[in-house]
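Novice: Return atomic coordinates for the entry below.
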Amino acid sequence: MSSSSPVFPSDIESLYGAHHQWLQAWLRRRLGNAGDAADLAQDAFVRLLVKPRAFDSADGARAYLRTMAGGLCVDLWRRREVERAWVEALAARPEATQPSLEHSAIVIETLCEVARMLERLPTKAASAFVMAQVHDMRYREIAEALQVSERMVKKYMAQAMLHCALIEAGFRD
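Specialist: Now for the predicted structure:
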């Protein structure tokens, strides 16, 4: 598949017509939910409108759509896991201290961004960041837990902070 020449709106229409039903059925089998499948199939084609691609064949288009849809499934599952953890955390709090739905949505989106950032980091850098930020561990304790030097922990933290700064500045993969 080539990305040198973009797919124009009329091509998107024919691509949509030729593959939407197939993609939605594939997603329905994978997700077990027709509503989520319809949403993700629509998202896949919206992404093609935003970032057009050209395909050499129908098989190439399907392979690309399947890969993209698989990634969308993973994103959905991760977001649901974050939402579940957030709901569990809220359940432990008194009702009077519950955040608004808008605040909860912001927190969930932020947590999803942090999770995506952590996934892009090397394992030890992500672990060091979580130990420092979530568990409030000192660098010496983190170094012992990860069996590295404190200097290495500082390097890991610098990597993580750089990723956080890039997210904050709007530079996302």
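Novice: chain center to stretch 89-101: distance?
Specialist: When distances are taken as C-alpha atoms, centre = their mean, to the nearest Å, stretch 89-101 is centred 25 Å away from the chain's centroid.
Novice: list the buried ones in it?
Specialist: Within stretch 89-101, not a single residue qualifies as buried, counting by 16 or more other C-beta atoms under 10 Å. Every C-beta, even on glycine, is put in place using the N, C-alpha and C of the backbone.
Novice: And this protein, what are its domain boundaries?
Specialist: Following automatic domain parsing, one gets these domains for the chain: 9-83, 99-168.
Novice: Kindly reformat those as CSV containing mean pLDDT and distance to residue 93.
Specialist: As requested, the domains of the chain are arranged in CSV below (pLDDT from 0 to 100; distance: least, C-beta to C-beta, whole Å):
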stretch, mean pLDDT, distance to residue 93
domain 9-83, 90, 16
domain 99-168, 89, 9
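Novice: what's the closest of the ones you listed to residue 92?
Specialist: Distances from residue 92 to each of the domains of the chain were compared by C-beta to C-beta, and the smallest falls on domain 99-168, at 13.4 Å.
Novice: starting at the chain centroid, how far to the closest one?
Specialist: On the basis of C-alpha atoms, centre = their mean, the separation between the geometric centre of domain 99-168 and that of its chain is 16 Å.
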